[in-house]
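**Q** Here's a sequence, model it:
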Amino acid sequence: MHIPDGFLDLKTAVATGVLSTAAVGISLRRLNGSLPRRKVPLMGLAGAFVFAAQMVNFPVAGGTSGHLMGGVLAAVLLGPAAGVVVITSVLIVQCLLFADGGIVALGANVFNMGVIGSAGGYAIYRGVRLLFRNERGRYLAVVLAAWGSTVLAAACCAGELAWSGIVPWRSAFPAMTNVHMLIAIGEAVISALAFSAIAAARPDIVAEEPRSAPVHEGKDLLLYGALITIGVVLFISPFASRWPDGLEAVAAKLGFESAAVTRPLVASPLEGYTIPGLGSPVAATVIAGLAGTCIVFTGGFFLARVLTRRGRNEA
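**A** Residues are numbered from 1 along each chain as shown. Reported below is the predicted structural model:
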């Protein structure tokens, strides 16, 4: 659902940029000193996993593909504020280094996938938890929130396209929401599986009441999480579906795909998730993916450390 440059007009890009900047600023302020120290490594790991998972497009009906958005997973594990920051960091790296999503459209992508995907998805999660308070209710909440956040983000994207005058709302809304209702099933399944795996390995991380855990368990989660993330990049990302994603399929169907800017406004060194000059496409994708994963993890980890330390100093 990464919007390229050319799909949005200036007023829409500015409006979504302002909203996203405000949301990220509020999220950083809320995180300042409130993130538990045990979750500092998880913030970097969550970003790295989402980045790696977003490289893997899975096929859906009609020759269309989709990928994990990851906002609900990050928000449920870390809280909605951290979820917004994690997804925003992933989108910034994707935009600047990989030309995945336009620079002018970055605010819209952050709003749709970061703010709506994380904060909006978390609101759905909490609403479902109010109705279903048992253990099974948690998994139901993750599934419904992941599904709902994807459809909501698609609806927002349709509104932005319509407000930009590129396609009428009556065409954009059903086209975007219908295809993303299918993609959202994959989002829900992946989010539930990842949540289940983390809950089994580290119940203190997903506990709704704070718990302590032995230090070695935190190191184990970081190690196993890193191995899984690297495994996704090494063994799955080179074989991701090449079918157009939901937005690309809608653009082709409604006839506005040619509006996309084909050359990035700023040169991206790893455009297309490849290393220039390598003869092997698989190796080029893997090395580029590993580089992006490391950058996102490092940025998320050190940002979390800074926020945690600043909060202690201010206290």
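
**Q** Check what contacts stretch 120-140 and list those residues.
**A** With contact meaning CB atoms under 8 Å, 6 or more residues apart in numbering, stretch 120-140 is reached by 71-72, 75-76, 79-80, 83, 141-142, 144-146, 148-149, 152-153, 192, 195-196, 206. Quick note: C-beta positions are derived from backbone N, CA and C, even for glycine.

**Q** how far does that stretch sit from the chain's center?
**A** Distance, stretch centre to chain centre, for stretch 120-140: 20 Å (CA atoms, centre = their mean, to the nearest Å).

**Q** Stretch 30-43 now?
**A** Counting by CA atoms, centre = their mean, stretch 30-43 is centred 18 Å from the centre of its parent chain.

**Q** Then stretch 179-198?
**A** Worked out by CA atoms, centre = their mean, stretch 179-198 lies 12 Å from the chain centre.

**Q** which outside residues touch it?
**A** Applying CB under 8 Å, 6+ apart, the contact partners of stretch 179-198 are 1, 49, 53, 58, 60-62, 64, 66, 68-70, 72-73, 76-77, 139, 142-151, 153-154, 205-206, 221, 245-246, 249-250.

**Q** So for Gly114, what's the pLDDT?
**A** If you check Gly114, the pLDDT there is 97.

**Q** So it, which state does it fall into?
**A** helix (DSSP: H, G, I helix; E, B strand; the rest coil).

**Q** ranges for the helices of the stretch 151-300 of the chain?
**A** 169-201, 203-206, 215-231, 246-254, 281-314 (DSSP state H, counting those that start in this stretch).

**Q** Tell me which other helices or strands the third one touches.
**A** Using 3 or more CB pairs under 8 Å, 6 or more residues apart in numbering; DSSP states H and E, the elements in contact with helix 215-231 are helix 40-54, helix 169-201, helix 281-314.

**Q** Just to be sure, which of the contacts of stretch 179-198 are found in strands?
**A** Cross-referencing the contacts of stretch 179-198 against strands under DSSP state E gives 58, 60, 64, 66.

**Q** how about the third one, what does it touch?
**A** Under the criterion of CB under 8 Å, 6+ apart, the neighbours of Thr64 are 179, 182-183, 243-246, 249.

**Q** Kindly supply the ChimeraX command isolating those of those residues that are buried.
**A** Buried subset of those, written as a ChimeraX selection, criterion 16 or more other CB atoms under 10 Å:
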select :179,183,243,244,245,246,249
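
**Q** okay, the helices and strands packed on helix 215-231 in a markdown table with distance to Asn112 and mean pLDDT next?
**A** Below are the helices and strands packed on helix 215-231 laid out as a markdown table (distance: least, CB to CB, whole Å; pLDDT from 0 to 100):
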| stretch | distance to Asn112 | mean pLDDT |
| --- | --- | --- |
| helix 40-54 | 14 | 92 |
| helix 169-201 | 11 | 95 |
| helix 281-314 | 19 | 85 |
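
**Q** Compare those helices and give me the one nearest Ala105.
**A** Using CB to CB as the measure, helix 169-201 is the one of those that comes nearest Ala105, at 15.1 Å.

**Q** what angle sits between that closest one and helix 246-254?
**A** Helix 169-201 and helix 246-254 are oriented at 160 degrees to each other (axes from the mean of the first three to the mean of the last three CA atoms, to 10 degrees).

**Q** picking up where we left off before, quick one: which of the contacts of Thr64 is nearest Val282?
**A** The closest of the contacts of Thr64 to Val282 turns out to be Trp243 (CB to CB; 18.6 Å).

**Q** I'd say the closest one and Ser65 touch.
**A** Yes: the criterion here is CB atoms under 8 Å, and Trp243 meets it with Ser65 at 4.1 Å.

**Q** where do the contact lists of those two overlap?
**A** Shared contacts of Trp243 and Ser65, defined by CB under 8 Å, 6+ apart, are found at 57, 59.

**Q** before we move on, back to that, determine which stretch of the helices and strands packed on helix 215-231 is the most buried.
**A** Per-stretch averages of neighbours, counted by mean count of other CB atoms under 10 Å, single out helix 40-54 among the helices and strands packed on helix 215-231, with a mean of 26.

**Q** Which other helices and strands does it contact?
**A** helix 71-78, helix 80-98, helix 215-231, helix 281-314.

**Q** returning to that earlier point: redo the helices and strands packed on helix 215-231 as TSV? Include distance to Leu28.
**A** Shown next, in TSV, are these (distance: least, CB to CB, whole Å):
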stretch	distance to Leu28
helix 40-54	12
helix 169-201	24
helix 281-314	7
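
**Q** Which one of the ones you listed lies nearest to Phe111?
**A** Nearest of the helices and strands packed on helix 215-231 to Phe111, taken as CB to CB: helix 169-201 at 14.8 Å.

**Q** by how many degrees do the closest one and helix 215-231 diverge?
**A** Going by the same axes, to 10 degrees, helix 169-201 makes 140 degrees with helix 215-231.
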